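>>> here is my input; please provide its structure:
(one chain, ligands or ions: 1)
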Amino acid sequence: MRRTPLAELLQNELERQDFHPRLPGYKRVYEAIRSAIVNRRLPAGSKLPSSRDLAHELEASRNMIVAAYDQLQAEGYVSSQTGSGTYVADALPDGFNGEAAVVRQREVGGTTDPELILSKRGARLTREKGVENYEVQPFALRGKMDLLNFPIKTWQRVQNQVWRREDITLYDYDTDGGYFQLKKAVADYLRVSRGVSLVPDQVLITAGTQQSIDLISRILADQDDVAWAENPCYWGAWSSLYANDLSIRPIAVDNDGMNPSEEDLNSLPPKFIYVTPSHQYPTGAVMSLARRKKLIEYAQRVNAWILEDDYDSEFRYSGRPLASLQGLATEAGIDRVLYMGTFSKVIYPGIKLSYLVLPEPLIGAFKTALYDLYRPGQLHLQAALAEFIDQGHFTTHIRRLRQAYAQRRTLLLAVLEKTLAGKVQQIVVDAGLHFLMRLPPHIDDLALAAECQAQGLSVRALSRYYIGPTDARGLVVGFAYVDTNDLVDCGQRLGSVIKAVLG
Ligand SMILES: Cc1ncc(COP(=O)(O)O)c(C=O)c1O
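All right, here's what the predicted structure looks like:
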């Protein structure tokens, strides 16, 4: 069908605006015309087609067009003269560039429902994953700072030492991918504790693991490239990959870690493979050596990058830790692992300092991109952390945390075992800051987590961590951030809620 220029313009506007599919039809037409008027593509005095003609040309219902015209008229964008037609108003409504515009933006389409205002990506990001109760309560996986276990006085002293330095460069942006002493301290620590093979220049200091994944995605992947993600998966990783328009392929996890099927291995090869091999999040599985080797070989064969997230490897209570995938791969001469770690768990979450260890050929590009995309800084904080590590406080602190968390773990397991005797599978916790309590498939773990939440106990439902439908049910329980004095009481209450549901 040949359209009039105006109908063509509105059709283009409708396509350009990529409206949310749930926005009512008349609102889309209204928005398209309003935008054309505000942007002067439809000048003052232009005559709009009759509602019947426009409905015909846009293949829309006439009611939809009438409703759009009515709203435009009510807001003063158009005026209607009986018998003569509808015209774009000579003057735009007052303040459409000022206050009214702000209100309009918040109420786009006459709604305050964020789902209808956000981009499709924004809506999915905020609807599907992550966003949870920000309150930190017993058994949450993210800790409020545990002052009893944090050497706050030492930390203050070290910071004061750094602030007294007359080093003007500390006030600048960070142009070198991190403060050198911190990169060196991280490199020394990772070499010894995690078997990572590196020199300090390979370390990039970032503002959290999600920023590391964001940066990796922007620099190494293009839209719709495939990223393998463990299923169940860490929400933060999923969000960063999804926000960068990667096509996420969920890969099953069993007791030996990520377990790609034949179908996975024969599908379009991934650009990234995101894994938490030391302590799978949230199941707690440790990736076996055989799986690690297979994964490295596969990544080498298909030119994929392995994103190794070693988020809580400092906390191992029994058994021998396996060295990092990065170390294993480098030993075999394979440079395909990007290793990530964070200070969130070992210092405190709000410090927002983490590290990314890069294969040498990527260092230059990543430093440039880090600077260009985020303009990092906080060099005083980085310098203080370097001092904290160099003066030996970091190692002492981790040792103390490990002891405290091991004690909490033992206490909680004992309480739960007593309350839930024989009702749940035995819980094994060799490492980390949380454990998974698996539940039978008929249990609604979302409802159970909500019930716990109502009782002031913050646990998470296992099923929420899955990408796509699942039969898996369970609760993910953090034990590290519960005050030791409250643990028995909280543990008993948690046990009772679960017991009541299990019957
Ligand atoms: C699997 C995993 N990776 C990384 C992190 C830490 O992320 P960040 O460094 O952004 O605090 C967490 C925090 O809970 C996590 O669970």
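>>> right, and residue 238 touches residue 250 too?
No - assessed by CB atoms under 8 Å, residue 238 is found out of contact with residue 250, at 9.2 Å. No exception for glycine: its C-beta is placed from N, CA and C like everyone else's.
>>> between the two, who's got more neighbours?
Using other CB atoms under 10 Å as the criterion, residue 238 and residue 250 rank with residue 238 on top: 26 against 17.
>>> give me phi/psi at residue 45?
As for residue 45, its main-chain torsions (degrees, to the nearest 10) stand at phi 90, psi -10.
>>> for residue 122, same thing?
Torsion angles, degrees, to the nearest 10, at residue 122: phi -60, psi -40.
>>> ok, now residue 155?
phi -60, psi -40.
>>> what's around it, how many residues?
If we define neighbours as other CB under 10 Å, then residue 155 has 19 of them.
>>> quick one, what contacts it?
384, 388, 393 (CB atoms under 8 Å, 6 or more residues apart in numbering).
>>> mind doing that once more with 7 Å?
Going by CB atoms under 7 Å, 6 or more residues apart in numbering, residue 155 touches residue 388.
>>> still on that earlier bit, what residues do residue 238 and residue 250 have in common as contacts?
By CB under 7 Å, 6+ apart, the residues touching both residue 238 and residue 250 are 229, 467.
>>> low-confidence stretches in the protein?
1-2, 16-24, 93-116, 127-138, 141-148 (pLDDT under 70).
>>> near the ligand, which residues of it?
Applying CB under 6 Å from any ligand atom, we find that the chain lies next to the ligand at 141-142, 208-210, 234, 236, 276, 281, 309, 311, 342, 344, 349, 354.
>>> residue 502 reaches residue 423, doesn't it?
Yes - shown here, residue 502 and residue 423 form a contact pair, counting by CB atoms under 7 Å, at 5.1 Å.
>>> that older thread, of the residues of the chain next to the ligand, which is the nearest to residue 448?
residue 141 (16.3 Å; CB to CB).
>>> out of the residues of the chain next to the ligand, who has the most neighbours?
Neighbour max across these (other CB under 10 Å) = residue 276, 29 neighbours.
>>> who's in contact with that one?
Applying CB under 7 Å, 6+ apart, the residues contacting residue 276 are 230, 234, 309, 311.
>>> setting the sequence-adjacent residues aside, check what's closest to residue 281.
Nearest residue to residue 281, sequence neighbours excluded (CB to CB, 6 or more residues apart in numbering): residue 234, at 4.5 Å.
>>> tell me how many other residues crowd residue 290.
9.
>>> select the longest strand from the protein.
strand 247-254 (DSSP state E).
>>> surely residue 223 is in a helix?
No - under DSSP: H, G, I helix; E, B strand; the rest coil, residue 223 falls outside any helix and is assigned coil.
>>> ok, it touching residue 244?
No - between residue 223 and residue 244 there is no contact, the gap being 8.2 Å when judged by CB under 7 Å.
>>> buried ones in stretch 401-416?
If you call a residue buried by 16 or more other CB atoms under 10 Å, then stretch 401-416 has these buried ones: 401, 405, 406, 408, 409, 411, 412, 413, 415, 416.
>>> for the second one, give me its contacts.
Contact criterion CB under 7 Å, 6+ apart gives 315, 433, 480 as the residues in contact with residue 405.
>>> tell me the most packed of those, by neighbour count.
That'd be residue 480 among those, by other CB under 10 Å, with 24 neighbours.
>>> for it, grab phi and psi.
Torsion angles, degrees, to the nearest 10, at residue 480: phi -80, psi -30.
>>> residue 223 and residue 244: which has the busier surroundings?
Ranked by neighbour count (other CB under 10 Å), residue 223 and residue 244 place residue 244 first, with 20 against 8.
>>> before we move on, back to that, can you give me how far the longest strand of the chain is from the chain middle?
16 Å (CA atoms, centre = their mean, to the nearest Å).
>>> alpha carbons of that strand, as CSV, please.
Presented in CSV, the C-alpha positions along strand 247-254 are these (Å, rounded to 0.1, in the frame of the first residue of the first chain):
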residue,chain,number,x,y,z
SER,A,247,23.4,-15.0,23.7
ILE,A,248,23.6,-17.0,26.9
ARG,A,249,23.6,-20.8,26.6
PRO,A,250,22.9,-22.5,29.9
ILE,A,251,25.1,-25.5,30.6
ALA,A,252,24.2,-28.1,33.2
VAL,A,253,26.3,-28.5,36.4
ASP,A,254,26.7,-31.7,38.4
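>>> helices or strands next to the helix or strand following that strand in the packing?
Counting by DSSP states H and E, the next helix or strand C-terminal to strand 247-254 is strand 257-258. In terms of contact count using 3 or more CB pairs under 7 Å, 6 or more residues apart in numbering; DSSP states H and E, strand 257-258 is assigned the packing partners helix 289-302.
>>> which other helices and strands does the helix it packs on contact?
Short answer (3+ CB pairs under 7 Å, 6+ apart): helix 289-302 packs on strand 257-258, helix 325-331.
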